[in-house]
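**Q** how would this look folded up:
(4 chains)
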There are 2 protein chains.
Amino acid sequence: MARTKKIEQSQKVIAVEASQRNSAQTRLRILHAAEAEFADHGFDGVSVRQIAQRADVPVALINYHFGGKEGLYRAIFEMRAPMIIDQRVAGLRFAQMEPDQERKVEMIVKAVLVPNLHMRSTEKNSSYARILAREVSDPKSHQRGVIQEFFDPIAYKVMDALQTALPDRTTEEINWAYQAMLGVMVYTMADTGRISRLSDGRCDPEDEMATATHLVALMKAALLHGRPAGLPADDSEQRP
Amino acid sequence: MARTKKIEQSQKVIAVEASQRNSAQTRLRILHAAEAEFADHGFDGVSVRQIAQRADVPVALINYHFGGKEGLYRAIFEMRAPMIIDQRVAGLRFAQMEPDQERKVEMIVKAVLVPNLHMRSTEKNSSYARILAREVSDPKSHQRGVIQEFFDPIAYKVMDALQTALPDRTTEEINWAYQAMLGVMVYTMADTGRISRLSDGRCDPEDEMATATHLVALMKAALLHGRPAGLPADDSEQRP
DNA sequence: ACGGCAATTGAACAAGTTGACAAGAAATTT
DNA sequence: AAATTTCTTGTCAACTTGTTCAATTGCCGT
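**A** Just a heads-up that it's a prediction; the model follows:
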């Protein structure tokens, strides 16, 4: 921090930028390389050497800056999470002011889905979206605690908003509704080409607009009209 | 196969079973150990040594029986996939005979969700469900081609059934609807305790009945009532 | 200008990884 | 009973893994 200020004041801005001695910048380079590699191969599928090679730095620098592989992994979330969380909070604020119930629910759904879907389709950040998707379906994530630490708070806010918009729903319904939203979102973010393949190219998660339109419509309907028939015991059909 | 027949005819059944000389049995033991380990740590997070140790066999046996780590991985799917695919096909057959649209959609949803959710809550097979969840969110799965080989065919059947039940929907809508279903299912199957944590214990994926009830209701509503507003261009609200 | 310090480097570390091999044991066939 | 196939085992060498170390570089305030 102190050094950055100095650099700005100095006349050698260009020289410093070109030269190798710049902590913040190499940190970022490692971070980006790690992001891409982790997204492609998962936490265990990547060696620190691969990351170092991609970032064009010696391996030891990773341990110096981040204190190990896991520290580097966490640093990625520390860098990215605030951005998308802020967007969600902003979206929820909009929804809060909406009087019409149907529109309100739709805005909540959008507040959850759109920031992530947008990130997914953005070139630079697309790899982070895939890391996120991996993390939620990795039992080790529990051990790392990244999801819990960064995303549980916003989850509670979303569910509060849902409960306000749909006061007649039970807590269980609200929870499952949120899980459903998240599931759809994560699965789409994590897509490895299967959606496009199955739809013969008609559906493309990269197409942020179309994807959001369809998914928001589906989840909005699910939240508005989806209620378990007989809550205590619903044994209509049961397949073997 | 030939040996198994012989064993049944032989008088030394007990001796053979107790002793170490039983190919099919050790194969299964390795398979089960691998299933558990892969589920917990992912394909890259596990070494064949760990699996061998868990199965209590020497490492070389794995290479002998399955020709390597990836062969073992695929063998798990070859063992498990048919079971759940058969269940889905059966469920779709039931749905096909249902005249009422709303019930028909519900039965299709159940045909997709219930077999997996059941497997999830079953003690013995729960690990396979988590492997499956991992595989769909792993870009390398594309490379392995397991999902494509085993599950694409049934996916097409489900979408055909959906199209029949909802004739006015576009192909895009059918595809996205299927993706949504799958996303919810996979996310629930892959759950690492977050659902229970967020809901303060109220929602438990292990509770097959409650989980299925809620998710089926949600997805049924999504399919029946979820249609994108203006298909060509829907720019009602757009958040920054 | 010079010592101090953060940043960087290449080398080395111990621990663990993989696939393969030859050789042994048990069951099956000849 | 001998030969053969099928299965099992312990060990091997070559290679990665994440991390640490001592040494070096270049920027900074005094």
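
**Q** what residue ranges in chain A score low on pLDDT?
**A** Judged against pLDDT under 70, the low-scoring parts of chain A cover residues A:1-21, A:230-240.

**Q** max-length helix in it?
**A** As far as residue count goes, and with DSSP state H defining each element, the longest helix of chain A is helix A:69-97.

**Q** buried ones in the helix or strand just after that one?
**A** For helix A:69-97, the following helix or strand on the C-terminal side (DSSP states H and E) is helix A:101-121. Across helix A:101-121, burial judged by 16 or more other CB atoms under 10 Å in any protein chain shown covers A:104-121. C-beta here means a position set from N, CA and C on the backbone, and glycine is covered the same way.

**Q** give the next helix or strand downstream of helix A:101-121.
**A** Using DSSP H and E, the helix or strand that follows helix A:101-121 in sequence is helix A:126-136.

**Q** are the following helix or strand past that next one and chain B in contact anywhere?
**A** Stepping forward along the backbone from helix A:126-136, the first helix or strand reached (DSSP H and E) is helix A:139-144. Yes: with CB under 8 Å from any CB of the partner chain as the measure, helix A:139-144 is seen reaching chain B through A:139, A:140, A:141, A:142.

**Q** helix A:139-144 and DNA strand C, are they touching?
**A** No: contact between helix A:139-144 and DNA strand C, assessed by CB under 7 Å from any atom of the strand, is absent, since the two come no nearer than 14.6 Å.

**Q** next one: the helix or strand following that helix to chain centre, how far?
**A** The helix or strand immediately downstream of helix A:139-144 is helix A:146-165, counting by DSSP H and E. Using CA atoms, centre = their mean, to the nearest Å, we find the averaged C-alpha position of helix A:146-165 to lie 13 Å away from the chain's own average C-alpha position.

**Q** just the buried residues of helix A:146-165, please?
**A** Neighbour-count burial for helix A:146-165, counted by 16+ other CB under 10 Å, picks out A:146-148, A:150-151, A:154-155, A:158-159, A:161-163, A:165.

**Q** hmm, who's touching that helix?
**A** Residues outside helix A:146-165 that contact it (CB atoms under 8 Å, 6 or more residues apart in numbering or on different chains) are A:73-74, A:77, A:81, A:85, A:88-89, A:92, A:95-96, A:101, A:104-105, A:108, A:111-112, A:135-136, A:141-142, A:169, A:171, A:174-175, A:177-178, A:182, A:223, B:194, B:197-198.

**Q** what's the answer for stretch A:56-73, then?
**A** Taking contacts as CB under 8 Å, 6+ apart, the residues outside stretch A:56-73 that touch it are A:23, A:26-27, A:29-31, A:34, A:38, A:43, A:48-49, A:51-52, A:75, A:144, A:146.

**Q** could you confirm whether that stretch reaches DNA strand D?
**A** Yes: applying CB under 7 Å from any atom of the strand, one finds stretch A:56-73 in contact with DNA strand D at A:59, A:60, A:62, A:63, A:68, A:69, A:70.

**Q** give me the distance from that stretch to the chain's centre.
**A** Its chain's average C-alpha position is 23 Å from that of stretch A:56-73, according to CA atoms, centre = their mean.

**Q** and what of stretch A:177-192?
**A** For stretch A:177-192, the distance from its own C-alpha centre to the chain's C-alpha centre is 10 Å (CA atoms, centre = their mean).

**Q** same thing with stretch A:65-84?
**A** Between the centre of stretch A:65-84 and the centre of its chain there are 13 Å (CA atoms, centre = their mean).

**Q** do stretch A:52-68 as well
**A** The gap between the average C-alpha position of stretch A:52-68 and the chain average comes to 25 Å, counting by CA atoms, centre = their mean.

**Q** now stretch A:101-118
**A** 15 Å.

**Q** how about the residues of chain A by DNA strand C?
**A** Counting by CB under 7 Å from any atom of the strand, the residues of chain A lying close to DNA strand C are A:3, A:20-23, A:25-27, A:57-61, A:64-65.

**Q** which pair of these spans the longest distance?
**A** Across these, the two members that end up farthest from each other (CB to CB) are A:3 and A:59, 23.9 Å apart.

**Q** list of residues touching stretch A:111-119?
**A** Defining contact as CB under 8 Å, 6+ apart, one finds that stretch A:111-119 is touched by A:83-84, A:87-88, A:90-92, A:94-95, A:125-126, A:128-129, A:132, A:158, A:161, A:181-182, A:184-185, A:188-189, A:205, A:208, A:211-212, A:215-216, A:219, B:239.
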